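J.: Here is the input, now give the coordinates:
(2 chains)
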Amino acid sequence: SQQGEEDPQALSIQEGENATMNCSYKTSINNLQWYRQNSGRGLVHLILIRSNEREKHSGRLRVTLDTSKKSSSLLITASRAADTASYFCAFTGGFKTIFGAGTRLFVKA
Amino acid sequence: SAVISQKPSRDICQRGTSLTIQCQVDSQVTMMFWYRQQPGQSLTLIATANQGSEATYESGFVIDKFPISRPNLTFSTLTVSNMSPEDSSIYLCSVERGGVEQFFGPGTRLTVL
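T.: This is a model prediction of the structure:
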């Protein structure tokens, strides 16, 4: 299968709470990226973490990468209703980028 | 970042026909990628398109069904041939920048009746 695994498949939280999504992959990677997609529209690039990095921050986003476990997590702090979307991890090894199955996040106002 | 446009943005097609999707990038790139996103699913890589050579297809995708052209470093087309309802998806092109970050076009939403 091309896809990596993500969990949870769906997540429903209240505004102000934190949301954590996890991604796992099987191959060696050069980097891992996280994307957001609203209602089947285009993908928005959120953050990239390289294979030699362990943690990265961007605003309310925090990404970790554990290459020994072949896993990554995306934390969204103080969530807002506007964060409601699908979130995908995408890992790149060689020249190809493969996507995870995605997590659907719903933030209730 | 990269500015990527796709045409058409959406289309409704009849079974058995073909549709060609265009992807235009605002600057020259070596590799362009085509993805399919079936309803409610994640993205699946169809093929990688290099200028001046045949596209490289992923398992489960064949050139006869998804012929790709890459006439120059800023443009590519993907044709979905002999369409069936199972081809109803969003088709996205993407490019790499700096050999690292990948940017996506807005997608083409295809519905096959």
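
J.: what residues does chain B put near chain A?
T.: Residues of chain B lying near chain A by Cβ under 8 Å from any Cβ of the partner chain: B:1, B:31, B:33, B:35, B:37, B:39, B:41-45, B:48, B:58-59, B:90, B:92, B:94, B:100-107, B:109. The way it works is simple: take the backbone N, C-alpha and C, and place the C-beta from them, glycine included.

J.: Pull out the buried members of the residues you listed.
T.: B:31, B:33, B:35, B:37, B:42-45, B:48, B:58, B:90, B:92, B:94, B:101-105, B:107, B:109 (16 or more other Cβ atoms under 10 Å in any protein chain shown).

J.: can you tell me which of those are in strands?
T.: B:31, B:33, B:35, B:37, B:43-45, B:48, B:90, B:92, B:94, B:101-104, B:109 (DSSP state E).

J.: By pLDDT, give me the weakest of those.
T.: Lowest in pLDDT among these is B:Glu101, which has 79.

J.: Now do the contacts for A:Gln9.
T.: By Cβ atoms under 8 Å, 6 or more residues apart in numbering or on different chains, the residues touching A:Gln9 are A:Ala101, A:Gly102, A:Thr103, A:Arg104.

J.: isn't B:Asn50 right next to B:Thr30, touching?
T.: Yes: in this structure, B:Asn50 is within contact of B:Thr30 by Cβ atoms under 8 Å, at 6.6 Å.

J.: can you give me the helices in chain B?
T.: Counting by DSSP state H, one finds no helices in chain B.

J.: Where does pLDDT dip in it?
T.: For chain B, the stretches flagged by pLDDT under 70 are B:1, B:99.

J.: Tell me who's in contact with the spatially most central residue of chain B.
T.: The centre of chain B sits closest to B:Trp34, judged by Cα atoms, centre = their mean, with a distance of 3.6 Å. With contact set as Cβ under 8 Å, 6+ apart, B:Trp34 has these partners: B:23, B:45-47, B:49, B:66, B:68, B:76, B:78, B:91-94.
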